[in-house]
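> no sequence on this one, just coordinates:
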Ligand SMILES: [Zn+2]
């Protein structure tokens with residue numbers, strides 16, 4: 001008797017309170033179990049008529065500073081770190097009730113979301129987990145010379161991400177600028193999830209003047225001036241910058257609605273290019289297929305063993 005690789009949700013609901021990075025608004029977040037084949041669905045429960053916004057690649061309507069999803073007039077900003085944690089812990093189905101238009105930034109990484117999800121407990125469901133398996137390479141590019149960016153998906157039995165950044169800044173130069181991360185090693189929470197978002201004081205001043213980054217500060221980001229990291233405790237990982245780019249990419253790509261079986265590689269990509277990559281993939285139905293594993297031992301190493309810590 002084979003055991004299928006099953007979908008997952010939470011055992012019970014869990015709540016968090018925080019502020020939005022850009023809006024600075026206080027927001028309550030409630031993560032609730034959802035039935036099989038629901039996917040991740042945000043619900044704006046503060047509106048006179050609550051609005052559900054199922055996450056999918058087309059629901060992403062703005063990627064300038066963070067990934068925003070919309071349905072009609074209702075939107076939710078900065079979904080990528082929570083989406084990343086869901087992917088990292090293998091959560092397929094979840095309702096995310098939210099009382100404002102931005103997911104709380106918490107500590108600027110996915111660590112608090114990982115903690116919330118693990119504390120609620122992860123339940124397997126009576127439905128096969130579905131993956132999008134990439135069968136042909138897909139690539140998007142932007143710019144040229146020192147403005148060049150690209151992102152690519154290629155066939156791979158598992159989920160591997162490699163990311164290269166190219167910042168010339170005294171505080172970043174000495175850190176690793178390339179990271180390769182394999183989801184099958186089941187070390188997302190330890191090796192990627194704690195990497196914080198980062199920003200420069202000069203950009204923060206410009207953003208604030210435009211009414212953005214109002215909730216941002218040393219508690220929820222790595223902040224640098226022209227020379228150094230300003231956070232008293234320094235970095236959480238030697239290569240925290242590029243690890244955060246991997247964390248973001250995992251979240252940006254998970255909006256496709258199912259985990260990928262693919263090798264992702266990127267050079268200086270960001271939310272916008274990651275979303276273009278997904279749309280390029282979806283526009284080429286011959287480049288992917290939906291698969292599930294009736295016998296979990298046939299699944300890529302690590303996915304079947306992706307057991308929650310508690
Ligand atoms: Zn981020």
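Done, it's in. From a predicted model like this one, the values you see are computed outputs, not experimental measurements.
> burial count for the residue of the stretch 201-310 of the chain found nearest the ion?
Using C-beta to the ion, the single residue of the stretch 201-310 of the chain nearest to the ion is residue 248, 4.1 Å away. Quick note: C-beta positions are derived from backbone N, CA and C, even for glycine. The tally of other residues near residue 248 (other C-beta atoms under 10 Å) stands at 24.
> residue 263 now?
20.
> what bridges to it?
residue 154, residue 160 (DSSP bridges).
> how close does the residue of the stretch 201-310 of the chain closest to the ion get to residue 52?
25 Å (C-beta to C-beta, to the nearest Å).
> circling back: give me the phi and psi for the residue of the stretch 201-310 of the chain closest to the ion.
The phi/psi pair for residue 248 (degrees, to the nearest 10) reads phi -60, psi -40.
> now swap in residue 41 and tell me
Here residue 41 shows phi and psi, under degrees, to the nearest 10, equal to phi -130, psi 120.
> how close does the closest residue in space to it that isn't next to it in sequence get to the ion?
Closest residue to residue 41 apart from its sequence neighbours, by C-beta to C-beta, 6 or more residues apart in numbering: residue 54 at 4.8 Å. Distance, residue 54 to the ion, by C-beta to the ion, to the nearest Å: 22 Å.
> and the stretch 201-310 of the chain, which residues reach the ion?
Contact residues, the stretch 201-310 of the chain versus the ion (C-beta under 5 Å from the ion): residue 248.
> residue ranges with poor pLDDT in the stretch 201-310 of the chain?
Applying pLDDT under 70 to the stretch 201-310 of the chain flags residues 304-310.
> recalculate using a threshold of 90.
201-219, 226-227, 296-298, 300-310 (pLDDT under 90).
> which residue ranges form the strands in it?
Assigned by DSSP state E, counting those that start in this stretch, the stretch 201-310 of the chain shows strands spanning 222-224, 260-267, 288-291.
> for those strands, which one sits closest to residue 276?
strand 260-267 (11.6 Å; C-beta to C-beta).
> would you turn the strands of the stretch 201-310 of the chain into a markdown table with distance to residue 144?
Shown next, in a markdown table, are the strands of the stretch 201-310 of the chain (distance: least, C-beta to C-beta, whole Å):
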| stretch | distance to residue 144 |
| --- | --- |
| strand 222-224 | 27 |
| strand 260-267 | 13 |
| strand 288-291 | 28 |
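> and residue 106, which of the ones you listed is closest to it?
strand 222-224 (14.5 Å).
> what lies in contact with the closest one?
108, 169, 171-172, 196-201, 204, 217, 229-231, 235, 240-241 (C-beta atoms under 8 Å, 6 or more residues apart in numbering).
> report the buried residues of it.
222, 223, 224 (16 or more other C-beta atoms under 10 Å).
> kindly reformat the residues you listed as a markdown table containing distance to residue 29.
Formatted as a markdown table, the buried residues of strand 222-224 follow (distance: C-beta to C-beta, whole Å):
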| residue | distance to residue 29 |
| --- | --- |
| 222 | 23 |
| 223 | 24 |
| 224 | 28 |
